[in-house]
Structure formats: C-alpha cells, structure tokens
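S.K.: Dropping the sequence and predicted coords here.
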Amino acid sequence: MKKTAIASIRLDRIEDIYLTILRVAVLAVATICLCAAVYFAADALWRVAVSTKVETEPTTVSGAEVASKMRDAPDADRTSDGPAIPASVRTRHQQFVKDVFPAYYAIYRQASESYKKPEDKTLSSEQLLDALGYDLGTYAAGQDPTTRLFVEDENYRAQIKTSVTAALAGADAVRLLREYKAAEKTAQSCSTAYERRRVWDSYSTACRGWYYEPYGCEVTRSVPVERCVPAYPDGIVSPAVAFGRADEAFRALWLEKFDKNASDAATKVSEREATRAQIGPKLLTALQIAIGFLVVMFFFLIVAIERHLRRLSTGSKLAATAEEASEG
C-alpha cells in the first residue's frame, strides 16, 4: 500500500512538472502572439497616417549655374508657325511685352552698351524678343514650356532675371565680353554657295559641233563659290551671343531641375501609396494572430482546469490513504 502511494506521488510530481512546462510554453506562445498582434496593428495604424500628397520641390536656378552652363550652350533655333492665335493669348502676350520683358531687355542692353564695338548695333526689344523665342508665335504654339513660364509664371520671371544678371556679371562672362571688345578680326569665316554661271564644258553633248575643236562649249550651271569675310578668332563672344547663351542655359537648367523634382515627388508618392497598400494585409495578419492568441489561451485554460482537478483528486486520495493508515 505504501509503495503504491509513493509511486502515485512520483507520478503526480512528474505530471506537475510536465504541466508546468506545458503551461510556460503556452504562456510564451500566447505572449508572442499578443506582441505580434499589437505590432501588426500598430504598423497598420501608422500606415493610415502616411499621406500620399507630396509637394513638388520648387525649381531654383542660380546665377553661378547659368554662368557655368552658358559656356557650352548652343544657339537655339526658335522658328515656329502656328494656327490662328486666340485673342486671350494675344492679350496675355502683349501684357508680358509691355510689363515684364522691358526689365529683361535692360539686362541685355546694359551688357551690350558696356562691351559692344563702335560698329555694333544693340538689338531692339522686338529683335531680342524674336531672337530668344519669346515672340507671340512661339508662345501661342506652346512648344516651349519656358516661353510659357516666362509669360505666365511670376516665380520663373524673378528667377531668370536674377540668375541671368548674376551670370553676366560673373568673372567668366565679363572676361569673354572684354575679350570681344578688344578683339580684332584676324581670322576668316568662309562659306560656300551655289551660283548660276557660264562655264566651259568639254563633255557636254548639248553643244552644236561639240566633236569639233575646241571641244565643248559654254553652258550655264550652278557652281560652288566660296566667299570669305574677316571674322573674329574662335571663342570670341559678342554681348548678344553671351546674353542668348545665358538665357538658354537658364532655361535648360530650369527644365532639368523641374523634371528631376517632379520625378522625385512621383517616386515618393508611389512609395507612400505602396506603404498604405499594406494596411489591409497588416490588419488581417494582426487579426489572425489575435485569433491564434485566443485559441492558445483557450487550451491554456483547459490545462489549468485539468491541473486544478488533478490537485483536488490527489488531495482526496492522500486524505483517504491517511484515514486508512490511522484506522489500521
């Protein structure tokens, strides 16, 4: 009887140890589930707060950048033919020519008057307007976004005036203009054009008696004629060309930076939309883990109840054994 009681006590201890281990494991799993559910729920709530609205960074171009860019800026060809121009477009452009462009023209005029040669002529406001592509036809065609911005955007106007002024006042531009003012036409600029001229053709069968000496006859043909005129050495830049390069450099830099800023903003919007797209999956994961936590706790409750009942049963058996021993 005594051996049976001892064996029963040992078995109970083993069961207690096993149930304790099981309870600790269940509690650990339940704790992990609870923490994971809280984490995924918090992560989903954070994603709700992520805004998909991204402001495009303002485009700014400095005078130093224009001065650096204008060294290699090609002269732009700005010829355009467009359809009938609406009255509203004409009115807007006329206001630009009257109120805005004079201040920009003054920058060119100052450079021209300071560094031009005696035989040079300063372009008029209308001539400069056409040369730079700010004329009504180019604006109405809408092919050049910088022309539209100059006419319509106040921020762009302020930037181009400030940057071009700073670029032309910079050391590089001043050096180029001074070189032009002191330069002499020591080189030649040659070009070839075709002209109609009377020439002797020894092989023309269109001549009468071409097979008699002297063979051939005079015919009228287009022949290449090369003409050369005095020119300045390479690298000499007039005030008009320098101003045009500064204008073109600013426009190119502005468009480049604008495209980059717009691309960066679009990338951020895509990233934030991708972040918000995970709200549903994150909440679903949190819900699934929470359900798993409840299931684990349910089994833990069953184990606790079973353990409690086993203790009651063991206590009853020990009491009965003690009572039998006392009676014996």
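M.R.: Structure's in. What do you need?
S.K.: for the chain, which spans come out with low pLDDT?
M.R.: 1-12, 15-16, 18-19, 71-83, 186-188, 202-216, 230-232, 314-315, 317-325, 327-328 (pLDDT under 70).
S.K.: can I see the domain layout of it?
M.R.: 2-49+278-327, 63-184+234-273, 187-231 (automatic domain parsing).
S.K.: how about those domains in JSON lines, adding mean neighbour count?
M.R.: Placement of C-beta: from N, CA and C, glycine included. What follows is the domains of the chain, written out as JSON lines (neighbours: other CB atoms under 10 Å):
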{"stretch": "domain 2-49+278-327", "mean neighbour count": "13"}
{"stretch": "domain 63-184+234-273", "mean neighbour count": "17"}
{"stretch": "domain 187-231", "mean neighbour count": "11"}
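S.K.: For residue 57, find the nearest of these.
M.R.: domain 63-184+234-273 (4.4 Å; CB to CB).
S.K.: All the helices of the stretch 51-200 of the chain, residue numbers only.
M.R.: Along the stretch 51-200 of the chain, counting by DSSP state H, counting those that start in this stretch, helices occupy 63-69, 87-99, 101-115, 125-132, 136-141, 145-152, 154-168, 171-182.
S.K.: For residue 27, find the nearest of those helices.
M.R.: With CB to CB as the criterion, residue 27 lies closest to helix 154-168 of the helices of the stretch 51-200 of the chain, at 63.5 Å.
S.K.: Give me the contact list for that closest one.
M.R.: 58, 60-67, 70, 100, 103-104, 107, 111, 146, 149-150, 173-174, 177, 242-243, 246-247, 249-251, 254 (CB atoms under 8 Å, 6 or more residues apart in numbering).
S.K.: element containing the residue nearest the centre of the chain, please.
M.R.: In the chain, the centroid-proximal residue (CA atoms, centre = their mean) is residue 260; its distance is 2.3 Å. Using DSSP states H and E, residue 260 sits in helix 239-276.
S.K.: Between helix 125-132 and that helix, find me the angle.
M.R.: In terms of direction (axes from the mean of the first three to the mean of the last three CA atoms, to 10 degrees), helix 239-276 departs from helix 125-132 by 50 degrees.
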